[in-house]
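1. coordinates for the following, if possible.
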Amino acid sequence: MKFWLHIHNTEPEEGLELAHMAEQLGFEGVLSDDHWYLPTQKDPKDEHLGAAMPMNTIFPDITAFGATVLATTKTLKYGSCVMILANRTNPFLVAKACSTLARLSNDRFILGVGIGWMKLEYDVAGVEWSTRAQRTEEMIEVLRKLWKPTPEDHHGKFFNFPATYALPTPKKPIPIYMGSFVPAALKRTGRIADGWMGRGAPLPEIARQMALVNEGRREAGREKEPFDFFVALPRREDGLMPTLDDYRRAEDIGLTTSKIGPIDHFLGKVGTTFDEKRRFVEDFAKRILR
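-> As a prediction, the model looks like this:
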């Protein structure tokens, strides 16, 4: 099993230091997450702010932070967990940013995407909330076209353009992972993605969700293609951190990668200090990676 560190709600300078530490300690990669808009006040009438976080949560730009991480490390991978793809209004900009990251990092970048939970963020972007799942699927199709070395055209519901290059293109296909947890989204992940980024859950629930992802893979005739199951393990029922045996059991049910974090979630504290984050990472490396 591979292990990635999820850097969340951290100043970019400290996040970069955590990334360097992760490489030294033997993590496969680091992840950062995405919201470019957070309202200063919650609207109690908006059902889609039920999962809202503190409005002063820190979200460094995915591509700028990722470029810095990849430029200052040698083997560490970097990915988004997850980019709210459908509220980006221009897929060309996403395609170019991602392919540039891949080219300059010797293919150490992965793109994790999701449809998001905040309607207000879509409203500010001027993107229709109700079509976000369809728009995400089409944007993934567009990205894969634009990453080809030949001119490509597209004529869809949301995007329409004649044949064009979108240089630079990546040397290898950029892996696209999808974050999902409801049945329809899990099956969609299996049909169109290269991997699944799941939320932390007990192993029986992870296994149930993996079965739905695999159902989607079978529907699309993709069950023999490589696929990465990329999920965090939460704290145990006794309140302790997952043990090496827990990760071995997760591997037995088919988990291939586990993300560690967000650290705030593991420690049950909003806004952990850098020292708390550092100690958490060091303790995990000592208990599990070594």
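2. where does the prediction get shaky in the chain?
-> Scanning the chain for pLDDT under 70 picks out the ranges 42-53.
3. mind naming the longest helix for it?
-> helix 203-219 (DSSP state H).
4. show me what that one is packed against.
-> Here helix 203-219 touches helix 183-192, strand 195-198, strand 228-231, helix 244-252, going by 3 or more Cβ pairs under 8 Å, 6 or more residues apart in numbering; DSSP states H and E. Where you see a C-beta, it was placed from the backbone N, CA and C, and this is true even at glycine.
5. can you list these in TSV and add distance to Asn9 and mean neighbour count?
-> Listed next are the helices and strands packed on helix 203-219 as TSV, based on distance: least, Cβ to Cβ, whole Å; neighbours: other Cβ atoms under 10 Å:
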stretch	distance to Asn9	mean neighbour count
helix 183-192	25	20
strand 195-198	18	26
strand 228-231	20	22
helix 244-252	25	13
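6. let's have those in JSON lines, adding distance to Leu93.
-> Listed next are the helices and strands packed on helix 203-219 as JSON lines, based on distance: least, Cβ to Cβ, whole Å:
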{"stretch": "helix 183-192", "distance to Leu93": "21"}
{"stretch": "strand 195-198", "distance to Leu93": "22"}
{"stretch": "strand 228-231", "distance to Leu93": "25"}
{"stretch": "helix 244-252", "distance to Leu93": "36"}
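7. of all these, which one is nearest Thr89?
-> Closest approach to Thr89 among these (Cβ to Cβ): helix 183-192, 20.9 Å.
8. CA atoms only: put that closest one into CSV for me.
-> Taking C-alpha atoms only, helix 183-192 is exported to CSV below (Å, rounded to 0.1, in the frame of the first residue of the first chain):
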residue,chain,number,x,y,z
PRO,A,183,-24.0,5.3,-5.1
ALA,A,184,-24.6,7.1,-8.4
ALA,A,185,-21.3,9.0,-8.0
LEU,A,186,-19.4,5.9,-7.0
LYS,A,187,-20.6,4.1,-10.2
ARG,A,188,-19.7,7.1,-12.3
THR,A,189,-16.2,7.0,-10.8
GLY,A,190,-15.8,3.4,-11.9
ARG,A,191,-17.0,4.2,-15.4
ILE,A,192,-14.8,7.2,-16.2
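9. which strands or helices does it pack on?
-> Helices and strands touching helix 183-192, as assessed by 3+ Cβ pairs under 8 Å, 6+ apart, comprise helix 132-146, strand 176-179, strand 195-198, helix 203-219.
10. which residues sit against the longest one?
-> Helix 203-219 is contacted by residues 181, 183, 186-191, 196, 198, 201, 223, 225, 227, 229, 231, 233, 246, 249-250, 253-255 when judged by Cβ atoms under 8 Å, 6 or more residues apart in numbering.
11. contacts only, for the closest residue to Asn160 other than its chain neighbours.
-> Of all residues not flanking Asn160 in the chain, His154 sits nearest, at 6.7 Å (Cβ to Cβ, 6 or more residues apart in numbering). Residues counted as contacts of His154 (Cβ under 8 Å, 6+ apart) are 141-142, 145, 160-161.
12. could you do Leu76 as well?
-> By Cβ under 8 Å, 6+ apart, the contact list for Leu76 reads 19, 22-23, 27-30, 69-70, 108.
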